[in-house]
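[1] Give me a 3D structure for the following:
(2 chains)
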Amino acid sequence: DVKVTQSSRYLVKRTGEKVFLECVQDMDHENMFWYRQDPGLGLRLIYFSYDVKMKEKGDIPEGYSVSREKKERFSLILESASTNQTSMYLCASSIGTASSGNTIYFGEGSWLTVV
Amino acid sequence: GNSVTQMEGPVTLSEEAFLTINCTYTATGYPSLFWYVQYPGEGLQLLLKATKADDKGSNKGFEATYRKETTSFHLEKGSVQVSDSAVYFCARLNPLTGGGNKLTFGTGTQLKVEL
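    Reported below is the predicted structural model:
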């Protein structure tokens, strides 16, 4: 089974802190994603990466950055956390071909509260 | 853009009732379509998918048929159980420029099943 692991399930951080959310997948997937989930808004794509050291902005990249130094690991960085970044963050991965049948696998989510 | 619209919740049903959650997509090409489920406190799990018109995805008693003529992918279940209480997300696949795909989600529909 594919496993996408988010190391921190629940975090509480102060406004202005630098926050790292880590994600690791064990299936050698090329693509990795970070989404945030908010009530009434569903899931929105923050950033994605289709290869090591490659990254692309998603729909809501402002206030975030990412790092993909190794294929299995994709980190989301909040340079200076703000209260409007309180949310649930979901990491996901998929294989890299454009086949329409590809499944995207999700981690269990990281609940971040910024106070 | 390539979006997905699903009915708002919450939806409250009695056990053994029939369930329909509506989902429509913008008609740009013929995207693969998915339903994901999120149980309380957990990440997203793939429930079912369909990759081309007239395909029917099914799993755990849930079904959805890819209908090109109405650009819809409604989720149905004939007899819901309390354990089906969760948030359900409709999603479509959009290609990435670098290869692979990303998911665009609807806003989610919360289902609560009562005894």
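[2] What residues does chain A have near chain B?
    A:6, A:30-31, A:33, A:35, A:40-45, A:48, A:50-51, A:54, A:56, A:58, A:90, A:92, A:94-98, A:100-109 (CB under 8 Å from any CB of the partner chain). C-betas here are computed from N, CA, C, even on glycine.
[3] In PyMOL, how would I select the buried members of those?
    In PyMOL, a selection of the buried entries from the residues of chain A next to chain B looks like this (16 or more other CB atoms under 10 Å in any protein chain shown):
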select buried, chain A and resi 6+30+31+33+35+42+43+45+48+50+58+90+92+94+95+96+100+102+103+104+105+106+107+108+109
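[4] Give me the subset of the residues of chain A next to chain B that lies in strands.
    Using DSSP state E to define strands, the subset of these located there is A:6, A:31, A:33, A:35, A:42-45, A:48, A:50-51, A:54, A:56, A:90, A:92, A:94, A:105-106.
[5] Next, count neighbours for A:Arg9.
    12 (other CB atoms under 10 Å in any protein chain shown).
[6] give me every residue that touches it.
    By CB atoms under 8 Å, 6 or more residues apart in numbering or on different chains, the contact list for A:Arg9 reads A:108-111.
[7] if we go to 10 Å?
    A:Arg9 sits next to A:107-111, B:41, B:43 when contact means CB atoms under 10 Å, 6 or more residues apart in numbering or on different chains.
[8] Tally up the residues packed near residue 38, please.
    Let's take chain A. Neighbour count of A:Asp38, defined by other CB under 10 Å: 14.
[9] oops, chain B please
    Using other CB under 10 Å, B:Gln38 has 23 other residues around it.
[10] Would you agree it is in contact with B:Leu44?
    Yes: counting by CB atoms under 10 Å, B:Gln38 touches B:Leu44, with 5.1 Å between them.
[11] Find the residues that touch each one of those two.
    By CB under 10 Å, 6+ apart, the residues touching both B:Gln38 and B:Leu44 are A:37, A:43, A:90, A:106, A:108-109, B:87, B:89, B:108.
[12] Most widely separated two among those?
    Greatest spacing in the shared contacts of B:Gln38 and B:Leu44, by CB to CB: A:Glu108 and B:Gly108 (16.6 Å).
[13] among the contacts of A:Arg9, which are in helices?
    Among the contacts of A:Arg9, DSSP state H puts none in helices.
[14] Pass me the low-pLDDT residue ranges in chain A, would you?
    Scanning chain A for pLDDT under 70 picks out the ranges A:1-2, A:97-101.
[15] for chain B, what helix or strand is lowest in average pLDDT?
    strand B:101-105 (a mean of 84; mean pLDDT, DSSP states H and E).
[16] right, is that strand up against chain A?
    Yes: judged by CB under 10 Å from any CB of the partner chain, strand B:101-105 comes into contact with chain A through B:101-105.
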